[in-house]
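Undergrad: my questions concern the predicted model and sequence given below.
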Amino acid sequence: MSEVERETAASAPNDSRLEELVEEIIAGDRRLHDLPSDLSAVDAATVRRLALERINDTSLANVGCFSLDARRASTRHCENFIGVTQVPVGVTGPICIRGDFVDPAEALYVPLATTEGALVASTNRGCRALREAGGAVVSVEDVGMTRAPVFRTSGIADNRRFLGWVTANKERIRAVAESGSRHLKLVEIRPQTLGTSTYLRFRFASGDAMGMNMATIACDRVVRELIEPETGVECLALSGNFCVDKKASAINFLEGRGKRVHAEVVLEGPVLERCLKTKARDLVEVQYRKNLMGSIAAGAIGFNAHYANILAAFYIATGQDVAQVVEGAMGVTTIEPRGPEGVIASVYLPDLPLGAVGGGTALDTQAEALALLGIPPKGGKPGEAVLRLAEIAAATVLAGEISLLAALTEHHLAEAHERLGRGSLPPES
């Protein structure tokens, strides 16, 4: 019997201690998070789940079926843990990538977690086009992770004094900020003042980690141990929205955040017709009128067809912070004529926060998905795993983008969703 099976068996509803705890929650004498510390994570999840089932007269049987490490999940990732919500995972590929951290000879299959029928199939079609075109050329830059506390001053003179102190003490700030992790390096401090509000936008390099928690902890240490005691200026919030985390913003679009990535491919006429069932001229016009003019008309920040679709599926599968898709999807797609019958298609993602370690990457299924992508790479240097992951993400976005645009060009989108997203179920065996 496996460890999960043993723990699950020990959590059977007829356990008198568990039943007593369930009744206490139902009666309102105990809260969901207030369970004995000696309960196993599986037992605690069982108690909460049984109480919720009886309170709401519903079943959570499927939520309670899982294979992940409940101790890790309930301690580091999810409070009041009761189980899981399952998202189907498909694979697309092989995808051919010409990057600094991915070799085009690798046969990479990319896991995508989604409930949207046709998404994996469409991206797979794009992967075929990339392969037949010789691969996607990808370039990635580690821009760094940002956190921007907001401080309250008394006005212009106080602002000048405060920012003067920050400039004069930058190396002391660096030493304190970096003292908590050997992987964290302070890159810059960018100030912005509005009235009596002053923002300090700290930018950090964070190795293979996405770095948001590392940056937050480092900023908190700097504020408490150095800035407030020595300047007398109060920090009102550790995040002042000048970071900018999990929101679309002009500053992240222009200056970047996390990883800044370009991916491109030259698609000749035969590849366009054979793989994408379209022609260069038609594809260029739809790209212009949809992604560029349509996005301008809408006042969008970002000019693309569906980066969020690919990124969300990629993020869920590989244990990233899914909410950061909001900023990651701000990129720009371009499709330009190349030669008599071809195009050069590119995607630009200026704000792609992601990590190869930390966060949800250590969860069991997510770790398996990363291993499928060769993360971490064998013999790689610190920091290279996340750059490899960024290259794969950008190339997958490119595959999904060219496929969807081709479907729109040839009026195949509704047909594909009708067939793949709403098709009849096969008979049960």
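TA: Noted; the coordinates are in hand.

Undergrad: E188: which element?
TA: Element membership of E188, judged by DSSP states H and E, is strand 185-194.

Undergrad: other SSEs contacting that strand?
TA: helix 156-168, helix 170-178, strand 197-205 (3 or more C-beta pairs under 8 Å, 6 or more residues apart in numbering; DSSP states H and E). Glycine gets a C-beta too; all of them are placed from N, C-alpha and C.

Undergrad: quick one: buried residues of the first one?
TA: Residues 158-159, 162-163, 165-166 are the ones in helix 156-168 that count as buried (16 or more other C-beta atoms under 10 Å).

Undergrad: go on, the last one?
TA: Neighbour counts using 16+ other C-beta under 10 Å place 198-204 of strand 197-205 among the buried residues.

Undergrad: quick revisit: dump the helices and strands packed on strand 185-194 to CSV, plus mean pLDDT and distance to A367.
TA: Output for the helices and strands packed on strand 185-194, formatted as CSV (pLDDT from 0 to 100; distance: least, C-beta to C-beta, whole Å):
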stretch, mean pLDDT, distance to A367
helix 156-168, 98, 40
helix 170-178, 98, 28
strand 197-205, 98, 24
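
Undergrad: which of these sits closest to L254?
TA: L254 lies closest to strand 197-205 among the helices and strands packed on strand 185-194, at 12.7 Å (C-beta to C-beta).

Undergrad: strands of the stretch 1-150 of the chain, start to end?
TA: All strands of the stretch 1-150 of the chain, identified by DSSP state E, counting those that start in this stretch, fall at 89-95, 97-98, 108-113, 136-147, 150-152.

Undergrad: I'd like those strands as JSON lines, with mean neighbour count and mean pLDDT appended.
TA: Below are the strands of the stretch 1-150 of the chain laid out as JSON lines (neighbours: other C-beta atoms under 10 Å; pLDDT from 0 to 100):
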{"stretch": "strand 89-95", "mean neighbour count": "20", "mean pLDDT": "98"}
{"stretch": "strand 97-98", "mean neighbour count": "22", "mean pLDDT": "98"}
{"stretch": "strand 108-113", "mean neighbour count": "22", "mean pLDDT": "98"}
{"stretch": "strand 136-147", "mean neighbour count": "22", "mean pLDDT": "98"}
{"stretch": "strand 150-152", "mean neighbour count": "20", "mean pLDDT": "98"}
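
Undergrad: what's the closest of the ones you listed to G374?
TA: Ranking the strands of the stretch 1-150 of the chain by proximity to G374 (C-beta to C-beta) places strand 108-113 first, at 7.3 Å.

Undergrad: and the closest residue to P376 other than its chain neighbours, what helix or strand is that in?
TA: Residue nearest to P376 in three dimensions, not counting chain neighbours: A385, with 4.1 Å by C-beta to C-beta, 6 or more residues apart in numbering. Taking DSSP H and E as the criterion, A385 maps to helix 384-409.

Undergrad: so for stretch 241-260, what gets flagged as buried?
TA: So stretch 241-260, judged by 16+ other C-beta under 10 Å, has buried residues 242-246, 248-249, 251-253, 255-260.

Undergrad: specify which member of those is nearest to D29.
TA: K246 (37.2 Å).

Undergrad: okay if I get the strands of the stretch 1-150 of the chain as TSV plus distance to R338?
TA: Putting those into TSV (distance: least, C-beta to C-beta, whole Å) gives the following:
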stretch	distance to R338
strand 89-95	21
strand 97-98	17
strand 108-113	25
strand 136-147	13
strand 150-152	47
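
Undergrad: out of the ones you listed, nearest to C127?
TA: strand 89-95 (4.5 Å).

Undergrad: about what we covered before: mind putting the buried residues of strand 197-205 into TSV with distance to P337?
TA: Shown next, in TSV, are the buried residues of strand 197-205 (distance: C-beta to C-beta, whole Å):
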residue	distance to P337
T198	49
Y199	44
L200	46
R201	40
F202	43
R203	38
F204	41
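
Undergrad: which non-adjacent residue is nearest V397?
TA: Looking at V397 with C-beta to C-beta, 6+ apart, the closest residue is I310, at 4.8 Å.

Undergrad: measure the one you found to V89 for me?
TA: Counting by C-beta to C-beta, to the nearest Å, the gap from I310 to V89 is 14 Å.

Undergrad: over to V166?
TA: 46 Å.

Undergrad: what's the answer for G355, then?
TA: According to C-beta to C-beta, G355 and V89 sit 19 Å apart.

Undergrad: same question, A399
TA: Distance, A399 to V89, by C-beta to C-beta: 17 Å.

Undergrad: go on, V322?
TA: With distances defined as C-beta to C-beta, the gap from V322 to V89 amounts to 14 Å.

Undergrad: then A298?
TA: From A298 to V89 the distance is 32 Å (C-beta to C-beta).

Undergrad: with G155 instead?
TA: Taking C-beta to C-beta, one finds G155 at 55 Å from V89.

Undergrad: check R203 too.
TA: For R203, the distance to V89 (C-beta to C-beta) stands at 34 Å.

Undergrad: any stretches of the chain with poor pLDDT?
TA: Applying pLDDT under 70 to the chain picks out residues 1-14, 412-429.

Undergrad: hang on, the earlier thing: the helix holding A385 vs strand 108-113, what angle?
TA: Calculated by axes from the mean of the first three to the mean of the last three C-alpha atoms, to 10 degrees, helix 384-409 forms an angle of 70 degrees with strand 108-113.

Undergrad: and the angle for helix 384-409 with strand 136-147?
TA: With the same axes, to 10 degrees defining the directions, helix 384-409 sits at 120 degrees from strand 136-147.

Undergrad: can you give me the helices for the stretch 1-150 of the chain?
TA: Using DSSP state H, counting those that start in this stretch, the helices of the stretch 1-150 of the chain run over 3-10, 16-27, 41-56, 70-72, 119-132.

Undergrad: what would those helices look like in JSON lines with distance to L236?
TA: Shown next, in JSON lines, are those (distance: least, C-beta to C-beta, whole Å):
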{"stretch": "helix 3-10", "distance to L236": "45"}
{"stretch": "helix 16-27", "distance to L236": "37"}
{"stretch": "helix 41-56", "distance to L236": "36"}
{"stretch": "helix 70-72", "distance to L236": "34"}
{"stretch": "helix 119-132", "distance to L236": "42"}
